[in-house]
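Peer 1: predicted coordinates and the sequence they were generated for:
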Amino acid sequence: MRHDLDGAGNAGVELNLGAYRSAFPRAMFGMGCPNGMCDGYELMRDLDFRDRDSYASGTVNSKWTEGVGWLPIGIAEKRFRAEFNGNGYVISNLYISREGLGDTGSTGLFGETSFLSEISNVRLLDVNVSGHASVGGLVGSSRGPVSAIYVGGRVSGSSEVGGLIGNSLGEENLGEIVNSSANVSVSGVENIGGLVGINNGRVANSYATGNVSGQEIVGGLIGYSDRYGIIVGSYFNGIVTGTEELGGLVGWNDGEIIGSYSAGTVSGRPGEQDQDMGGLVGLNHSGASITGSFSIAQVMGNYEVGGLVGINHGSITYSYAKGDVIGSNVVGGLAAWNTGTILASYATGDVSGERAVGGLCGGNSDGAVIVTSYAVGKVTDSRRDGHRIGGLVGYNEQEGRIIDSYWDTQSARQQRGLGRGIASGARGATTAQMQRPTGYTGIYRVWNVDIDNADEDFDPSTGRDDVWHFGNSRQYPALKVDFDGDGVASWQEFGHQRGNRGG
């Protein structure tokens, strides 16, 4: 494959013919492709790098399981540009150890793939892959679509490290990743993700489990997702540890997150400055949107710690966080610091911190808006000096707006909705007042509003979005969506929202 990167059945013109003839001493033009119409490869049996009997032809190279290990297929500008269909077979014990070689290019089973490539239907078990930058169990740097892939094992490097792909470079969704997963231990320094280190394309119906660790921009699923990045119906369940910009799903998000969640634990390293930590997203920058997403992570850090988002400059819509949040300064059940928009979202986890601590947000400023959202977790002032501690928002600057949003004064154990600042739309309610309405009545009578402006008339009274499910009189409202496309939205499609605290 490395000598015929387009899968046409003959050596690529850019390759060394001597190397090709060494690999295929009896090569014939178009071999394996009798009709001359081939554009790729199929795996026809399981493959084990440690088992000599698993090879269909040729001899086992002992260097594949020792030394620097496997040489990735497609390196530098000689990218793999064909189709590879694993037909559901398994590749076991892939070993690569290139971290000590400096910046040697992208590292994985495949090193670099082009936008003409397509990789699908294969499982990689017990991988042990290490490199410098752009390191992934399957692909180091990917530009083409990837689907129905599973990777299990260990992946490590310095930057742009992911269990599946190190760097997904497909601008405007050319690098799509669908129906894929990783159960991995991933470690590195920056831009580290359980599935993808850096995402520039679309990730759909995919997930990661395991332990993910790094220093900066670390996410359970994705380390950094840029403005072309779209994450749909995906999740992480495991443990994320690091220093700055940590998220249970995404460390730093500049794109869109739709219907995704984290059920993992997010933890900053003790004794270090653990900034910008979020259960779902560490940083969400201007222009990005987070829609129909949730986190069940327990989040622990120092500065700017949020159950869903560390710092939100974009928009959070139809989203929630259920994990407990522990921090020092600027701590929120949903977002630590909000300078963007939060619509129809909620937090149920307990929140503890020293300054600017809120059940929903630690801080809300710079024209930020919170609309039809709520918090019900216990809010604790760990220093007991009452400095900017509120049931809903710890610190609301004059430019921050809060509209028709509530906190449970009983479960929060806070009579003040805002630790500091003024906002008439921040309203306290008892547990009964928040649970007893079973429809858009009572305190929720104005919650059925046009949030997505799908009718483009900018009138909240028209084109209403029926996103809330109110359950029975002992439950808090839950969010509902139609992820399976059957035309019926339900909260059951959006995780197990009613599993804890009735919410």
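Peer 2: That came in fine, so what should we check first?

Peer 1: so what pLDDT did residue 10 get?
Peer 2: What the model reports for residue 10 is a pLDDT of 66.

Peer 1: ugh, wrong one, residue 91
Peer 2: If you check residue 91, the pLDDT there is 96.

Peer 1: try residue 204
Peer 2: 88.

Peer 1: next one: the one 10 residues further on
Peer 2: Among the per-residue scores, residue 214 holds a pLDDT of 86.

Peer 1: could you say which helix or strand holds the nearest residue to it once chain neighbours are set aside?
Peer 2: With C-beta to C-beta, 6 or more residues apart in numbering as the criterion, residue 214 has its nearest non-adjacent residue at 3.6 Å, and that residue is residue 192. Every C-beta, even on glycine, is put in place using the N, C-alpha and C of the backbone. Secondary structure from DSSP states H and E places residue 192 in strand 190-193.

Peer 1: okay, stretch 403-416 in PDB with CA atoms only?
Peer 2: Provided in PDB are the C-alpha atoms of stretch 403-416 (Å, rounded to 0.1, in the frame of the first residue of the first chain):
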ATOM      1  CA  ILE A 403     -34.300  36.900  31.100                       C
ATOM      2  CA  ASP A 404     -37.000  34.500  32.600                       C
ATOM      3  CA  SER A 405     -34.400  32.300  34.300                       C
ATOM      4  CA  TYR A 406     -34.700  30.600  37.700                       C
ATOM      5  CA  TRP A 407     -32.800  29.000  40.600                       C
ATOM      6  CA  ASP A 408     -34.200  26.700  43.200                       C
ATOM      7  CA  THR A 409     -33.800  28.700  46.500                       C
ATOM      8  CA  GLN A 410     -34.200  25.500  48.500                       C
ATOM      9  CA  SER A 411     -31.900  23.100  46.800                       C
ATOM     10  CA  ALA A 412     -29.300  25.800  46.100                       C
ATOM     11  CA  ARG A 413     -29.500  27.000  49.700                       C
ATOM     12  CA  GLN A 414     -29.100  30.500  48.400                       C
ATOM     13  CA  GLN A 415     -31.600  33.200  48.700                       C
ATOM     14  CA  ARG A 416     -29.600  35.500  46.400                       C
END
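
Peer 1: just to revisit the earlier point, packing partners of the strand holding residue 192?
Peer 2: strand 159-162, strand 196-199, strand 207-213, strand 216-219, strand 222-225, strand 250-253 (3 or more C-beta pairs under 8 Å, 6 or more residues apart in numbering; DSSP states H and E).

Peer 1: elements contacting the fourth one?
Peer 2: Spelled out, it's strand 216-219. strand 190-193, strand 235-242, strand 244-247, strand 250-253, strand 281-284.

Peer 1: mind giving me a markdown table with the ones you listed and columns for distance to residue 420, mean pLDDT and mean neighbour count?
Peer 2: Converted to a markdown table, those look like this (distance: least, C-beta to C-beta, whole Å; pLDDT from 0 to 100; neighbours: other C-beta atoms under 10 Å):
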| stretch | distance to residue 420 | mean pLDDT | mean neighbour count |
| --- | --- | --- | --- |
| strand 190-193 | 34 | 92 | 33 |
| strand 235-242 | 30 | 78 | 26 |
| strand 244-247 | 26 | 73 | 34 |
| strand 250-253 | 28 | 79 | 35 |
| strand 281-284 | 23 | 62 | 34 |
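
Peer 1: which stretches in the chain count as helices?
Peer 2: Secondary structure of the chain (DSSP state H): helices located at 17-23, 409-412, 431-435.

Peer 1: re the thing from before, the residue nearest to residue 214 and residue 211 touch, don't they?
Peer 2: No: in this structure, residue 192 is not within contact of residue 211 by C-beta atoms under 8 Å, at 11.0 Å.

Peer 1: need the overlap of contacts for these two.
Peer 2: residue 186 (C-beta atoms under 8 Å, 6 or more residues apart in numbering).

Peer 1: off-centre distance for the longest strand belonging to the chain?
Peer 2: In the chain, assigned by DSSP state E, the strand with the most residues is strand 118-130. Offset of strand 118-130 from its chain centre (C-alpha atoms, centre = their mean, to the nearest Å): 20 Å.

Peer 1: again with stretch 427-445
Peer 2: On C-alpha atoms, centre = their mean, the centre of stretch 427-445 falls 33 Å from the chain's centre.

Peer 1: what's the answer for stretch 355-373, then?
Peer 2: That offset, for stretch 355-373, works out to 23 Å (C-alpha atoms, centre = their mean).

Peer 1: buried ones in that stretch?
Peer 2: By 16 or more other C-beta atoms under 10 Å, the buried positions in stretch 355-373 come out as 355-365, 368-373.

Peer 1: again, but for stretch 169-186
Peer 2: Buried-residue list, stretch 169-186, by 16+ other C-beta under 10 Å: 169-170, 174-178, 180-186.

Peer 1: span of that stretch from start to end?
Peer 2: 20 Å (C-alpha to C-alpha, to the nearest Å).

Peer 1: returning to that earlier point: so for residue 480, which of the helices and strands packed on strand 216-219 sits nearest?
Peer 2: strand 235-242 (17.5 Å; C-beta to C-beta).

Peer 1: tell me how far that closest one lies from the chain's centre.
Peer 2: 9 Å.

Peer 1: start at 473, not 1
Peer 2: Sure thing, new numbering starts at 473, so read that last one as strand 707-714.

Peer 1: export it as PDB, just CAs?
Peer 2: In PDB, the C-alpha atoms belonging to strand 707-714 read as follows (Å, rounded to 0.1, in the frame of the first residue of the first chain):
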ATOM      1  CA  TYR A 707     -20.000  11.800  23.600                       C
ATOM      2  CA  PHE A 708     -17.100  11.000  26.000                       C
ATOM      3  CA  ASN A 709     -17.200   8.800  29.100                       C
ATOM      4  CA  GLY A 710     -14.000   8.600  31.000                       C
ATOM      5  CA  ILE A 711     -11.400  10.800  32.800                       C
ATOM      6  CA  VAL A 712      -9.800  14.000  31.600                       C
ATOM      7  CA  THR A 713      -6.800  15.500  33.400                       C
ATOM      8  CA  GLY A 714      -4.700  18.500  32.700                       C
END
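
Peer 1: show me what that strand pairs with in its sheet, parallel or antiparallel.
Peer 2: Using DSSP bridges, strand 707-714 pairs in its sheet with strand 679-685 (parallel), strand 733-734 (parallel), strand 737-740 (parallel).

Peer 1: would you single out the least confident of these?
Peer 2: strand 737-740 (a mean of 54).

Peer 1: beta partners for the residue lying closest to residue 652 once chain neighbours are set aside?
Peer 2: Spatial nearest neighbour of residue 652, chain neighbours left out: residue 621 (4.2 Å); criterion: C-beta to C-beta, 6+ apart. When assigned by DSSP bridges, residue 621 has beta-bridge partners residue 594.
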